[in-house]
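Build me a model:
(2 chains)
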Amino acid sequence: MSRRTVVVVGAGPAGLSAARAAARAGADVTLLDASDQVGGQFWRHRALPGGGTAPDEPTFHHGWGTFTALRDVVATHPRVTLLTSAQVWALERLDAGVRLRVLVGPADGAGREHLTLTPDALVLATGAHDRTLPFPGWQLPGVTTAGAAQALAKAERVAVGDRVVVAGAGPFLLPVASSLLRTGARVLSVHEAATPASMARGWGARPAGLLGAAHKAGELGGYVGTLARHRVAYRLGEAVVAARGDGRVEEVTVARVDARWSPVPGTERTVAADAVCVSHGFTPRLELAVAAACAISPDRFVVVDDEQRTSAAGVWAAGELTGIGGAEAALAEGWVAGHHAASGAPDDAGLARAARRRARSADFARRLDAAHGIRGGWTSWLRDDTLVCRCEEVDAGTLRAAACATGSADLRSVRLTSRAGLGPCQARICGRTVAELVGATEPAPGGDTGSAPAVPDRRPLVVPVRLGDLATLPDVPAADAP
Amino acid sequence: MTVDVVVVGAGIVGAACARALARRGLAVTVLDRRGAASGTTAHGEGNLLVSDKEPGPELVLAQHAARRWPSLVAELEDELGSDRHGFPPLEYDPKGGLVAATTAAGAQPLRDFAARQRGAGVDAREIDVAHALELEPALNPALTAAVWYPEDAQVQPVAAAEALLASARRAGATVRPGVEVVGALRDGERLVGVRTSDGDIPAAAVVLAAGPWSGVVAARLGVGLPVRPRRGMVLVTTRMPHVVRHKVYDGDYVGATQSGDAALQTSSVVESTAAGTVLIGSSREQVGFDDRLRVAVLREMAARAVRLFPFLADASVMRTYLGFRPYVPDHLPIVGPDPRTPGLWVATGHEGAGIGLGPVSGELLADLFTGAEPATDPAPFRVDRPAVLDAALDEPHPSESTPSENTPSENTGEAS
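Residues are numbered from 1 along each chain as shown, chains lettered A, B, ... in the order given. Modelled structure (predicted):
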């Protein structure tokens, strides 16, 4: 009998862990990642010519040893096939199971190789990208997402600027500031929109409440220490509400915000800066889960059971896709998902350890949301001419006018009449912002679709594909056709 | 409170019916189980075509529509405004269509078809390859025949439907999204309103304009109506310089429109939008309301488009969406009263032509409703024609149709 085949999509902490667990449980594993390296966003690193890693790499990462161990397993295990630069661009639901369409080769290049996979089990570990709320001037060069700044620091050792302001919400701001400091940037300040009161609600009332999440203490404590050593102010209840500059950012306006994130009049002050790194949380990459018809929760994460199994037959999910839990949780969830996807034994000792580690992280997402979740008052820092959709250059005034003129709160209609979200990023950046601005409801896709309006995370084409690549797709066996 | 008319469906056909009826002084309520223009209207290309229609009643309606559209757009823009922060632009563009045969076998049927259309008054000009390349410089020069249709036009369908609805509201109509029809209110044989997910709505008349879901809603009202879904997919490229200047089709489009074959059919329809994207259609499948992605369909569409415009091989497709066309066995719309059920009126079944034909269908229905002289002959579209009544006998019994099935596609539909 042939071995069970498992495909894992995404080679960050969750995907690497899932691939190892599935191989260990006896399956033939194919691990795919769109990037040219494994590690995901969390362990994004500098690629040296010849394939090695830089000697200073461990200082940029937590759990670097964990990463190198996982990396070595997936690179050498006889039952693991690792494919980097492998972009899953579509998922088809068959009568039984799913079929993945993959292009392998340098992104945007012509002549990438087609790959079609019909595994017995699929583990989705596609992670999340950071969400940035718009503010006047956010389209200026020099304003980046915190994730992009972090990637630049980790992979290129390049700082986004000399005088950097970090702002937004969530503990992720801390490692970003820390990485920037390591690259030699001067981090002026870190502005966390969450107020001291909501921080206390999420993390507990102790002064260093953020460190209350036990498994995170070491990691976050280290960052706070780094900030303190460099005399970087970490200011709660503040937001960057505007950026200005001639051709690129030269100064930003920082203001105090209230519990609903509305700027408090009279508290604005101007800070000279040549770079601003902003992140207000994370948005899971749901495209493949939606395409597979996995149930999505009201707060828009993939719903999984104790075995990390989704509602779609043969599909498991792990990592940030199922809730923002950080790398430790992702590793544990990946272990559980990979083991079960491979039909591993239920009484496995490693499985039990992973499940216990996962349980320790279970409360993290709830605490994170209680402390740092986006509050509705932020929209009051927008002006009519503030761009909301950068791809199609739709500003807040146009968007509101389109919703008002048509009288439509249907997200699909508002998008089609204003063009917000119709550009190359396909609303990945602005989708939720647009929904919040026009007051449209965003029901979970994949679940009850009977009366649902638009589904912003449904992107049947996961990424843009060359028409020439589509036209030259090889045949699949007719028996496989949906 | 009893309204004069409940319109079921807030797509372009329902919107057009609501506007035409409300402007004649009737109290109109429009229901849609989802939002305005959220079904078939949002999942097509915005075609206003005469080029694809055989001589016959549908072509007559299309010719009437082609004459009506420019004045309708002017009326709507006058009424609603179209400045930057006014109503979104309708993007009406009488750009014309070019049909190109790409095979030796396809040349003569296209010429014959164009000749028949000319006999019916269509401006269908047979042109040579040089002329075709003048119109579309990026076209594959390996053509075997080409016909130029200056009367073909394009519109942004969601904006058009929203404009018709906004105009209807200004004439007093009420639009209620998120309200689903679940049954009939009857007085004997007579339909006197609808039961909905949000309570009963008594009405002197009900207009059924639910597109491909019209058969499902009809069953809930206790009536058989043979409207079925015919699936189509569209590809959208990223923005590019304006290279494709008109609507351009390969000649196979003509054959596919009139076929009842359930197997996959594709033919290329390529055009630019005002936003700079290129839309690539189209496919036709009879697979019920199955909304699963089929990559094989995309491949066929891509291959045909690249054959028509070789430069598109390097274009990036950033989005695909699928929708369901309302399809009647004899390929004609249904517009008018249902003599089997007093109080019930129908406006549906336009298949892939609902954007173009919707507005004049709404006006035709209002003419019939108010006893005005219809602008075109309504007889071919009547509900009690044999092709509709015979097929209606084969429809499932109303009790077999449950509210949970046959839900619309949830693909984010984007017409541009």
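
For residue A:34, which residues are in contact?
Contacts for residue A:34 (C-beta atoms under 8 Å, 6 or more residues apart in numbering or on different chains) come out as A:85, A:86, A:87, A:88, A:107, A:463. Where you see a C-beta, it was placed from the backbone N, CA and C, and this is true even at glycine.

low-confidence ranges in the stretch 1-150 of chain B?
B:82-85 (pLDDT under 70).

Distance of the residue of chain B positioned farthest from its centre relative to residue B:195?
Relative to the C-alpha centroid of chain B, counting by C-alpha atoms, centre = their mean, residue B:188 is the outermost residue, at 34.2 Å. In this view, residue B:188 and residue B:195 are 17 Å apart by C-beta to C-beta, to the nearest Å.

Could you do residue B:86 as well?
Remark: distance between residue B:86 and residue B:195 (C-beta to C-beta) = 38 Å.

Looking at these two, which one has more neighbours?
Taking neighbours as other C-beta atoms under 10 Å in any protein chain shown, residue B:86 and residue B:195 compare with residue B:195 leading, 16 against 13.

got the contact list for the more buried one?
B:181, B:182, B:183, B:184, B:185, B:201.

Also residue A:227?
A:174, A:177, A:178, A:181, A:187, A:190, A:234.

where does the stretch 301-416 of chain B have low pLDDT?
Ranges of the stretch 301-416 of chain B meeting pLDDT under 70: B:395-416.

Mind jotting down where the strands sit in it?
B:316-327, B:334-337, B:344-348 (DSSP state E, counting those that start in this stretch).

Give the helix, strand or coil label for the residue nearest to residue B:125 when sequence neighbours are not counted.
Closest residue to residue B:125 apart from its sequence neighbours, by C-beta to C-beta, 6 or more residues apart in numbering or on different chains: residue B:148 at 4.5 Å. What DSSP: H, G, I helix; E, B strand; the rest coil gives for residue B:148 is strand.

pretty sure residue B:148 is touching residue B:96, no?
Yes. Here residue B:148 lies in contact with residue B:96, judged by C-beta atoms under 8 Å, at a distance of 6.7 Å.

Would you map the helices across the stretch 1-150 of chain B?
Ranges of helices in the stretch 1-150 of chain B, per DSSP state H, counting those that start in this stretch, are B:12-22, B:57-80, B:104-119, B:129-135.

So what's the residue count around residue B:113?
Using other C-beta under 10 Å, residue B:113 has 21 neighbouring residues.

what does residue B:241 give?
So residue B:241, with other C-beta under 10 Å, has 6 neighbours.

Distance check, it against chain A.
Separation of residue B:241 from chain A (C-beta to the nearest C-beta, to the nearest Å): 15 Å.

ok, now which ones touch that residue?
Contacts of residue B:241 were listed using C-beta under 8 Å, 6+ apart, and they are residue B:276.

for residue A:36, same thing?
Contacts of residue A:36 by C-beta under 8 Å, 6+ apart are A:47, A:84, A:85, A:106.

who touches the first one in this structure?
Translated: residue A:47. A:36, A:37, A:53, A:155.

From residue A:153, how far off is it?
From residue A:47 over to residue A:153 the distance is 14 Å, taken as C-beta to C-beta.
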